[in-house]
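Undergrad: Need coordinates for the following:
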Amino acid sequence: MIKVLRISLFLSAIFMAAYCVQPPDYSDVPEIKYIGLSKNLMNQGEGYTDSIFVSFSFTDGDGDLGYPESDPTASVFIRDSRDSFPKPPLQLPYVEPQGAGNGISGEITVKLPTTCCIYISPEGIPSACDDVPAQIQFDSFYYYIKIRDRAGHESNEIRTDVIRLRCQ
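TA: Down below sits the predicted model:
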């Protein structure tokens with residue numbers, strides 16, 4: 001009988017150890033990894049309603065991503081490789097704190113509207129959109145993306161694949 005009790009306790013201990021869920025051990029600084037684009041060719045802006053979806057995964061050890069709807073603080077930051085100017089920032093939805101183990105992970109997909117072709121003449125003079133010479137049919141660029149949590153921690157910066165832009 002004691003032998004059966006010991007075996008039962010041993011099996012119970014193994015069962016409990018196998019099914020205990022350990023909270024994730026993520027850094028409090030968000031980390032993102034590029035997943036992909038919905039497509040790699042768009043028509044340039046002004047008159048076109050084209051867009052692209054960019055997907056990336058994230059982890060955040062303290063789970064403090066996003067802001068309530070009433071707080072318009074930006075949390076996704078995007079730069080165009082051609083001019084390095086920031087695009088309008090985006091806001092992540094608010095993530096409720098989950099208790100003692102607040103580490104979270106998941107995927108984010110953002111929709112980015114089309115942009116204009118940019119052409120730099122041999123003299124170094126830039127032109128964009130309808131001012132791009134007609135012989136320039138395509139432009140290529142990529143986006144740099146990073147996120148920021150409520151504590152002000154900024155993630156690493158990722159880069160998308162090359163996006164081709166049809167100029168005319």
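Undergrad: For the residue nearest the centre of the chain, report the pLDDT, please.
TA: Most central in the chain under CA atoms, centre = their mean is Phe56, positioned 4.4 Å from the mean C-alpha point. Per-residue pLDDT puts Phe56 at 97.
Undergrad: how near is it to Pro68?
TA: Distance of Phe56 to Pro68, given as CB to CB, to the nearest Å: 23 Å. The C-beta positions use only the backbone N, C-alpha and C, and glycine is treated the same way.
Undergrad: Could I get the contacting residues of the residue nearest to Tyr34 when sequence neighbours are not counted?
TA: Nearest residue to Tyr34, sequence neighbours excluded (CB to CB, 6 or more residues apart in numbering): Ile158, at 4.3 Å. Residues near Ile158 by CB atoms under 8 Å, 6 or more residues apart in numbering: Ile32, Lys33, Tyr34, Phe56, Tyr144, Ile145, Lys146.
Undergrad: try it again with 7 Å
TA: When contacts are counted by CB atoms under 7 Å, 6 or more residues apart in numbering, Ile158 touches Ile32, Lys33, Tyr34, Phe56, Ile145.
Undergrad: Cys167 too?
TA: Contacts of Cys167 (CB under 7 Å, 6+ apart): Gln44, Cys117, Val132, Ile136, Gln137, Phe138, Asp139.
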